[in-house]
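*Asks:* Sequence and computational prediction follow.
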Amino acid sequence: MRSPGFLSERQRRFAWLGFLLAAFQAPLAAKLIDDASWFFAVVVAALVATVIIADDAQRRRPEPADYSE
């Protein structure tokens, strides 16, 4: 059996939603706004993507075996 990640299924869905919203908002803001505030959305999307990747890595890790004698 695989170990559970540190995000619950609900938190994982919200993380994906936040990533997609930030990823789609950044190019739109870059086109509509003259300053570099769109870069904040890129940073947030990268941070959320890192959390999702870390959760995936923990979920794919096998559970430690219990070798009690």
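*Replies:* Looks like it arrived, so ask away. Residues are numbered from 1 along each chain as shown.

*Asks:* Ramachandran coordinates for residue 5?
*Replies:* Main-chain dihedrals, residue 5, degrees, to the nearest 10: phi -80, psi 180.

*Asks:* That one and residue 59 touch, don't they?
*Replies:* Yes. The pair residue 5 and residue 59 qualifies as a contact (Cβ atoms under 8 Å) at a distance of 4.2 Å. Backbone N, C-alpha and C define where each C-beta goes, glycine included.

*Asks:* out of the two, which sits in the busier spot?
*Replies:* residue 5 (19 against 14; other Cβ atoms under 10 Å).

*Asks:* ok, now which ones touch the more buried one?
*Replies:* Residues in contact with residue 5 (Cβ atoms under 8 Å, 6 or more residues apart in numbering) are 12, 55, 56, 58, 59.

*Asks:* Flag the shaky bits of this protein, pLDDT-wise.
*Replies:* Within the chain, the ranges that satisfy pLDDT under 70 run 1-3, 69.

*Asks:* just the helices in it please.
*Replies:* 9-32, 38-60 (DSSP state H).

*Asks:* What lies in contact with the last one?
*Replies:* Helix 38-60 has contacts (Cβ under 8 Å, 6+ apart) with 2-7, 12, 15-16, 18-19, 22-23, 25-27, 29-30.

*Asks:* Repeat the analysis, applying 7 Å as the threshold.
*Replies:* Residues outside helix 38-60 that contact it (Cβ atoms under 7 Å, 6 or more residues apart in numbering): 2-7, 12, 15-16, 18-19, 22-23, 25-26, 29-30.

*Asks:* Can you give me the buried ones in it?
*Replies:* Neighbour counts over helix 38-60 (16 or more other Cβ atoms under 10 Å) mark 38, 41, 42, 44, 45, 48, 49, 51, 52, 55 as buried.

*Asks:* next one: the longest one
*Replies:* Buried residues in helix 9-32, counted by 16+ other Cβ under 10 Å: 12, 15, 18, 19, 22, 23, 25, 26, 29, 30.
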